[in-house]
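Engineer: below are the sequence and a predicted model for it; my questions follow.
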Amino acid sequence: MAYGAVHCNKNIMALFNHFWRRTPPALFPSLLGLFGLSLAWRRAAQVWDVPAAIGEGLGLIATIILLVTLSSYVAKLCIRPGVLWDELIIDPARGSVSAGSMCAMAMAAYLLPYTSLGAFLIWWMSLGLHGVYFACIALIVLRHENTMRQFNPVILLPAAGILVATLAAPGLGYVLFSQIILAVSIPASAIILAMCLWNAARHGVQQLHRSSYAAFLVPPSVAALGVYNLNGETYFMPVWIGACLVGAGLLPFVRWMTKGGWSANWGIFCFPLAAFSAVQILAVQAGYGLTAQILAVSTLTVSSVLIPYILILTYQSWFAGRLAEATKAAVA
């Protein structure tokens, strides 16, 4: 009897160790979307008569989930740091890993009204992590036998993800930093977008990468948020129009991007939706009329339904042990 109990406990421990030693980075994109949704609802409470508790509650939930997820992933890296390199060699994982540091940037923006010191420390930690990820991905891409073929929308998260840092930077006193990041990242993102489209036209798009084209909406949306944080309404209209044009351009391809039903890659839809919703809410605040009102209400509604749905499915898949296998997550 005792032997059976010990044997059972060993099996449970072995299963548990394998579970967290293979924590998949695919958890981060949907979680990043939840942070974005919380910040969108926080802004909505300033524009409409909606409870501020919605945005704050979503942010608290996202923070708790991130602390658990990031702790598990960092423990995996501590056991074998080289697992990060193994992870980043897999194309879709490059964006997922970068979404982890972007989550920390968004968490800093969420925490800023509560604790400037906490936001400051998390913000700098997120920049350090993102810098390491970007350097590793840049090295992998440059060393690849066909560097140009490596440019697909997934590369936008490590390359332009630092734009998310501009959400908290002005409040932390880093105005010049935000200005430099916006000045560099906007044209860099446009170049990467053009290269991605060039590759798609020449070589086609694998079904695995279709959902990643939603990332096209991230640079213009986050840039619009950053411009508003820095300058208010002064330069906001051009970047708002740019984000709307990109969103309108992606709309006819939604069915193409979602073909085949839910997969672990759907997490990439979450943050672009949330960021675009926040941009539309700012447009309402700026007084851009009925168009902005319709876009804000519709996108916030869709985001509020879709993002939690994808997040729940993603974490259920992780708890069931399917997510790591489906995304080929590396083992520590």
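Structural biologist: Arrived safely. Since this is a predicted model, take the numbers as computed values, not measurements. Residues are numbered from 1 along each chain as shown.

Engineer: what's the burial count for Ala52?
Structural biologist: Ala52 has 12 neighbouring residues, counting by other Cβ atoms under 10 Å. For glycine as for every other residue, the C-beta is placed from the backbone atoms N, C-alpha and C.

Engineer: quick one: contacts for Pro272?
Structural biologist: Contact criterion Cβ atoms under 8 Å, 6 or more residues apart in numbering gives Ala214, Ala215, Phe216, Leu217, Val218, Ser221 as the residues in contact with Pro272.

Engineer: assign it to helix, strand or coil.
Structural biologist: The three-state label for Pro272, taken from DSSP: H, G, I helix; E, B strand; the rest coil, comes out as helix.

Engineer: Pro158 and Asp91, how far apart?
Structural biologist: Spatial separation of Pro158 from Asp91 under the definition Cβ to Cβ, to the nearest Å is 12 Å.

Engineer: can you check Leu197 too?
Structural biologist: Taking Cβ to Cβ as the measure, Leu197 and Asp91 are separated by 17 Å.

Engineer: hmm, back to that, which of Pro158 and Asp91 has more neighbours?
Structural biologist: With neighbours defined as other Cβ under 10 Å, Pro158 and Asp91 compare such that Pro158 has more, 25 against 16.

Engineer: what's the first-to-last distance across stretch 251-259?
Structural biologist: End-to-end span of stretch 251-259 (Cα to Cα, to the nearest Å): 14 Å.

Engineer: meant to ask about stretch 312-329, not that
Structural biologist: Using Cα to Cα, the span of stretch 312-329 from its first residue to its last is 19 Å.

Engineer: for that stretch, what is the distance to the chain centroid?
Structural biologist: Remark: stretch 312-329 is offset 17 Å from the chain centroid, using Cα atoms, centre = their mean, to the nearest Å.

Engineer: likewise stretch 109-118?
Structural biologist: Once both centres are worked out by Cα atoms, centre = their mean, stretch 109-118 turns out to sit 20 Å from its chain's centre.

Engineer: nice, that's everything, thank you.
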